[in-house]
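Asker: I would like the atomic coordinates for the input below:
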Amino acid sequence: MMKKILSAALTLALLLSLCGQALAVNEDVEGTVVIYTSMYPFAIEFMDAAISAEFPNLKPGNNGSYFYYKGTSALISQIYGEMGANRDQPIGGDLFMVAEPAFSLEMKDYGYLQDFEVENADQTLRFAYDPEGYWYPVRTLNMVLAYNPDMVEKWAERGVAIPKTYHDFAYDPALKGLICMSDPETSGTAYAAVCALLDKYGEEYLDKLHDNGVMREGGSSAIAKLQTGECACVMILEESILKYIDDEKQKGNEVTNLKVIYPEDGVILIPSTVMVVNDRYALNANSEAASEVARWLLSEEAQKLILKGYMHAVRADMTEIPAGSIDTNELIKMDMGVDWEKAYHNREQILNLWAEKVTR
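Answerer: Presented below is the predicted three-dimensional model:
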């Protein structure tokens, strides 16, 4: 009899142990989830694998992936289209991970978001979050300048100095025809940068960009222009430069013709957010599961994957940085800052100003 009791007790202990392990991996999170994101596809690949491991019973809703990818501006335009003219129609995503934080303010105003709680968010997160829990920072993008060290002497012979500030990038006439950046009409992060630079230097900054003949190119094209000598300096996301250098390093190649400049008048940090779509508007109506995924994205495990994607972590307790970068807290001290309320409410006005002054 005693042996039977002991055997039953051991079996119960084993079952409890197994249940504990099962709960450690979110097996109780079920249904289908789609995450609308502007995060680069290479990062989506390892994020997909991690979510599948963490949530084994959660179904990816986009052809075997949890993510649906487009560039920020294209994705926002698609979401507007799905919402309809009256901004009241359902959309195909359950979460948003869109680069530009101003979009979070807009979606909250439209009533499209579901609030969710992140425990000890005020202690855990480096950046501001919605006090009502409708959005939280999830990955930090960093707009910087970049140049080609191999070309410095050649540029100097032509009277061209590599700018150390955003100010000189636009104001130094020696750089005319030798600078480029992404177009804020198609890039959410470039739009954020323009908002910051307008606040710091005024509308004249856009006039100076025009006078300096700023070219409008995306990340890979901008890198190529630096390496060929078509450009002396570019405004670009730090992650684009870091990824290129690290990719080449993994192949055994040392990159000497590409380097980040952390501008002396400030970097432009873009603490991109994660949002859960309210069940009234989400095609899968699965905000409970989506909220669990959103909370996991803020975990240390997930934030290490953010670092692997050459973005900065949002957790205050993490000292790790993307390969080749500098300390995140130091970048925060250097941050020029973006008025996200202004970026949201004055979007049309700011883009019209860009078109009028820069692309005229």
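Asker: Go through stretch 163-178 and flag the buried ones.
Answerer: Within stretch 163-178, the residues scored as buried using 16 or more other C-beta atoms under 10 Å are Pro163, Lys164, Tyr166, His167, Asp168, Phe169, Ala170, Tyr171, Asp172, Leu175, Leu178. All C-beta spots, glycine's among them, are computed from the backbone N, C-alpha and C.
Asker: ok now do the third one, which residues does it touch?
Answerer: Spelled out, it's Tyr166. Leu145, Leu197, Lys200, Tyr201, Met235, Pro263, Asp265, Gly266, Met336 (C-beta atoms under 8 Å, 6 or more residues apart in numbering).
Asker: could you say what helices and strands the helix or strand containing Gly81 packs with?
Answerer: For Gly81, the host element (DSSP states H and E) is helix 72-83. Judged by 3 or more C-beta pairs under 8 Å, 6 or more residues apart in numbering; DSSP states H and E, the packing partners of helix 72-83 are strand 35-37, helix 188-201.
Asker: and the following helix or strand past the shortest one, how far from the chain's centre?
Answerer: Reading on from strand 35-37 to the C-terminus, the next helix or strand found by DSSP H and E is helix 41-54. Shown here is helix 41-54, whose average C-alpha point lies 16 Å from the average C-alpha point of the whole chain (C-alpha atoms, centre = their mean, to the nearest Å).
Asker: Contacts for helix 41-54, please.
Answerer: 25-26, 37, 39, 58, 60, 65-67, 69, 243, 293, 296, 301-302, 305-306, 308-309, 311.
Asker: Got a quick PyMOL command for the buried subset of those residues?
Answerer: A single PyMOL command suffices to select whichever of those are buried according to 16+ other C-beta under 10 Å:
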select buried, resi 26+37+39+58+60+65+66+67+69+243+293+296+302+305+306+308+309+311
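Asker: Could you list which of the contacts of helix 41-54 belong to helices?
Answerer: Lys243, Val293, Trp296, Glu301, Ala302, Leu305, Ile306, Lys308 (DSSP state H).
Asker: mind listing what the last one touches?
Answerer: Under the criterion of C-beta under 8 Å, 6+ apart, the neighbours of Lys308 are Ala43, Phe46.
Asker: one more time with 7 Å
Answerer: Phe46 (C-beta atoms under 7 Å, 6 or more residues apart in numbering).
Asker: Return the member of the buried residues of stretch 163-178 nearest to Tyr110.
Answerer: Tyr166 (32.9 Å; C-beta to C-beta).
Asker: And that closest one, what's its pLDDT?
Answerer: On pLDDT, Tyr166 comes in at 98.
Asker: By neighbour count, which bits of stretch 107-116 are buried? Give me those.
Answerer: For stretch 107-116, the buried set under the neighbour-count rule, 16+ other C-beta under 10 Å, comprises Met107, Lys108, Tyr112, Leu113, Gln114, Phe116.
Asker: let me fix that: stretch 318-325
Answerer: Buried, per 16+ other C-beta under 10 Å, within stretch 318-325: Met318, Glu320, Ile321, Pro322, Gly324, Ser325.
Asker: okay, the residues you listed in a markdown table with pLDDT, secondary structure and distance to Asn120 next?
Answerer: Below are the buried residues of stretch 318-325 laid out as a markdown table (pLDDT from 0 to 100; DSSP: H, G, I helix; E, B strand; the rest coil; distance: C-beta to C-beta, whole Å):
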| residue | pLDDT | secondary structure | distance to Asn120 |
| --- | --- | --- | --- |
| Met318 | 95 | coil | 15 |
| Glu320 | 97 | coil | 20 |
| Ile321 | 97 | coil | 23 |
| Pro322 | 96 | coil | 25 |
| Gly324 | 95 | coil | 31 |
| Ser325 | 97 | coil | 26 |
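Asker: Widest-spaced pair of those?
Answerer: Top of the distance list for these (C-beta to C-beta): Met318 and Gly324, 16.8 Å.
Asker: How is this structure partitioned into domains?
Answerer: The chain is divided into the following domains under automatic domain parsing: 28-140+271-323, 142-269+343-357.
Asker: re earlier: now, which of the buried residues of stretch 163-178 sits nearest Val138?
Answerer: Relative to Val138, the closest of the buried residues of stretch 163-178 is Tyr166; by C-beta to C-beta it sits at 25.9 Å.
Asker: all strands in the stretch 101-250 of the chain, in order from the N-terminus.
Answerer: Here the stretch 101-250 of the chain has its strands, by DSSP state E, counting those that start in this stretch, at 113-114, 136-147, 179-181, 215-216, 233-237.
Asker: Adjacent strands (with direction) for the fourth one?
Answerer: Meaning strand 215-216. For strand 215-216, the paired strands and their directions (DSSP bridges) read strand 179-181 (parallel).
Asker: Go ahead and name everything in contact with the strand it pairs with.
Answerer: In this structure, residues lying in contact with strand 179-181 by C-beta under 7 Å, 6+ apart are 169, 190, 212, 214-217, 222, 225, 231-235.
Asker: swap the cut-off to 10 Å and go again
Answerer: 143, 145, 163, 169-170, 172, 187, 190, 193-194, 209, 212-218, 221-222, 225-226, 230-236, 358 (C-beta atoms under 10 Å, 6 or more residues apart in numbering).
Asker: ok, now how distant is Asn253 from Lys154?
Answerer: Distance from Asn253 to Lys154, counting by C-beta to C-beta, to the nearest Å: 22 Å.
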